[in-house]
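>>> coords please:
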Amino acid sequence: MSGVKLVYFNGRGKAELIRLALTYVGIEFEEVYLKEKSEIEKLRSDGDLLFQQVPLLEIDGKRIVQSGAILRYLARRGGIYGNNNDESTRIDELFEGTRDFCGPLLGMIFRPEEDVLKEAKEKLLPRYLPVFNKVLEETGSGYLVGKSLTLADLGLIEPLLILVEYLGDQVLTGYPQLQSFYKNITSDEKIASFLVGPHRKPKNDQAYVDTVRRVLNW
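This is a model prediction of the structure:
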């Protein structure tokens, strides 16, 4: 074991992008899955969860919560957070946009799948796909910022993976830059390895939803 632990549920949620980032920057990690309410209560009583919620990443002698903070820590450590302040700021700007894009999609199964996908088609796709396609066209590098992969690119591939998985790759028709981006990013050796590896979680199912509700007492 590397000593790095990611504490969450055995499902995608807000930890899936953390899993991808850990894999991409080459950090081996162990997953600890919450299954019972008593487990998260112990983390809370021990003071491990600053805001009383997971994901929690134990790394370098630290316990980090808040998915955005975790991802930025990993991006800085892995050298995918830009080469200067201007690039880091642009990465932040675009990464936050990917979170707004992806957020509603993470509710799959917690909300009826047909409702989530209907909302995606009516609101998310026409709002976000043109923006990111234009940014990629402007950079001309195949990446959102600079000439190599950054946290912003990892942030964008998450909702695209979900959309293609549920709606098919035709969802990107009419957005040639995004089509190329999707192909190139998913063909990256480390990302391709993650997508077929043990840390990649399957679609949300009822068992996952039931576990989350039991642990969080929903």
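>>> Phi and psi next, for residue 63.
Per-residue torsions, residue 63: phi -120, psi 110 (degrees, to the nearest 10).
>>> Quick check: it touching residue 48?
Yes. Counting by C-beta atoms under 8 Å, residue 48 is a contact partner of residue 63 at 5.4 Å. (Each C-beta comes from the backbone N, C-alpha and C, glycine too.)
>>> so what sits against both of these two?
Shared contacts of residue 63 and residue 48 (C-beta atoms under 8 Å, 6 or more residues apart in numbering): residue 56.
>>> Apart from its neighbours in sequence, what residue is nearest the spatially most central residue of the chain?
Centroid-nearest residue in the chain, with C-alpha atoms, centre = their mean: residue 17, separated by 2.5 Å. Nearest residue to residue 17 in three dimensions, chain neighbours excluded: residue 158, at 5.1 Å (C-beta to C-beta, 6 or more residues apart in numbering).
>>> Quick check: buried residues in the helix or strand that contains the one you found?
Secondary structure from DSSP states H and E places residue 158 in helix 151-167. Of all the residues in helix 151-167, those buried under the rule 16 or more other C-beta atoms under 10 Å are 151-164.
>>> Using CSV, write out every CA atom in it.
The C-alpha atoms that make up helix 151-167 are tabulated as CSV, following Å, rounded to 0.1, in the frame of the first residue of the first chain:
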residue,chain,number,x,y,z
LEU,A,151,-7.0,19.8,-14.5
ALA,A,152,-9.4,21.6,-16.8
ASP,A,153,-9.2,18.8,-19.3
LEU,A,154,-9.8,16.2,-16.7
GLY,A,155,-12.8,18.2,-15.5
LEU,A,156,-14.3,18.3,-19.0
ILE,A,157,-13.8,14.7,-19.8
GLU,A,158,-15.9,13.6,-16.9
PRO,A,159,-19.3,15.0,-18.1
LEU,A,160,-18.4,14.0,-21.7
LEU,A,161,-17.8,10.4,-20.6
ILE,A,162,-21.2,10.3,-18.9
LEU,A,163,-23.0,11.8,-21.8
VAL,A,164,-21.4,9.4,-24.3
GLU,A,165,-22.1,6.5,-22.0
TYR,A,166,-25.8,7.3,-21.7
LEU,A,167,-26.6,9.0,-25.0
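>>> Could you list every helix and strand that it packs against?
Applying 3 or more C-beta pairs under 8 Å, 6 or more residues apart in numbering; DSSP states H and E, we find helix 151-167 packed against helix 16-24, helix 67-78, helix 85-102, helix 113-119, helix 125-139, helix 176-187.
>>> Pick the most deeply packed of those.
Ranked by average neighbour count under the criterion mean count of other C-beta atoms under 10 Å, the helices and strands packed on helix 151-167 are headed by helix 16-24 at a mean of 23.
>>> contacts for the following helix or strand past that one?
Going down the chain from helix 16-24, the next helix or strand is strand 30-33, by DSSP H and E. By C-beta under 8 Å, 6+ apart, the residues outside strand 30-33 that reach it are 1, 2, 4, 5, 6, 7, 8, 9, 10, 19, 199.
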